[in-house]
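[1] The following block contains a protein sequence and its predicted model.
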Amino acid sequence: MNEEQQPPKVFISYSHDNSEHKRWVTEFASRLVKNGIDVILDQWDLNLGDDVPKFMERSVRNADRVLMICTEPYVHKANDGKGGVGYEAMIVTGELVRDLGTSKFIPVIRQKGSIPVLPTSVCTRFYIDLSNEEIFDEQFKTLLRELHQIPEIEKPPIGKNPFARLPSGNEIPDAVTITEPDTVIKG
């Protein structure tokens, strides 16, 4: 990230399942901040007397990305429209309807089961799974790369057309650059 460039702004949407989960979310948010992400988190940014629905609306609107911490209770609340999570799910659905192609919302799986469950509004979205502690660091790094927009593998630039022709109709002599690929693709 350049010094002039603003850090990515991320809102964390989660359910207050229990004190252990709330602590995990705080530690997760702190780790993001230490890695150059500007995090909006209710535990830090919502004060006594603040308007909670306005905080949620403003946070989703102002964030570059929204991380939806998908525990089982979060998914049920989102799908049933219950509590703050239900309200945030309604906001997310509204934004998705306005821009179906958006990649703003990232489901973050934090579940015990082997088959992840996602809120209906984002069930077709590519997600990151932070449930398994053994691969947590690898998955976290993948998430950081996404948030900072630094792909792990760069798409190569498009080369010249090997069959390019001159206005006369003759092929350009040095245009043929067909090469063997670096990797073998097995089908």
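    Looks like it arrived, so ask away. Quick caveat, the model's predicted, so the values are computed rather than measured.
[2] And the pLDDT for Ile12?
    At Ile12, the pLDDT value in this model is 96.
[3] My read is that it contacts Thr26, right?
    No: in this structure, Ile12 is not within contact of Thr26 by Cβ atoms under 8 Å, at 9.5 Å. For every residue, glycine as well, the C-beta is placed using N, CA and C.
[4] neighbour count winner among the two?
    Neighbour count, other Cβ atoms under 10 Å: between Ile12 and Thr26, Ile12 has more, with 23 against 14.
[5] Assign that one to helix, strand or coil.
    Taking DSSP: H, G, I helix; E, B strand; the rest coil as the rule, one finds Ile12 in the strand state.
[6] And the helices in the protein, which stretches?
    Counting by DSSP state H, the chain has helices at residues 19-34, 42-45, 52-62, 72-80, 83-98, 136-148.
[7] So for the third one, mean pLDDT?
    Which is helix 52-62. Mean per-residue pLDDT for helix 52-62: 89.
[8] swap in the second one?
    Helix 42-45 shows an average pLDDT of 96 in the prediction.
[9] What sits closest to the residue positioned nearest the centre of the chain if chain neighbours are left out?
    Nearest to the geometric centre of the chain sits Ile106, at 3.5 Å (Cα atoms, centre = their mean). Nearest residue to Ile106, sequence neighbours excluded (Cβ to Cβ, 6 or more residues apart in numbering): Leu67, at 5.4 Å.
[10] So what's the residue count around that neighbour?
    Leu67, neighbours per other Cβ under 10 Å, totals 25.
[11] does it really touch Lys104, like I thought?
    No: with contacts counted by Cβ under 8 Å, Leu67 stays clear of Lys104, the gap being 10.3 Å.
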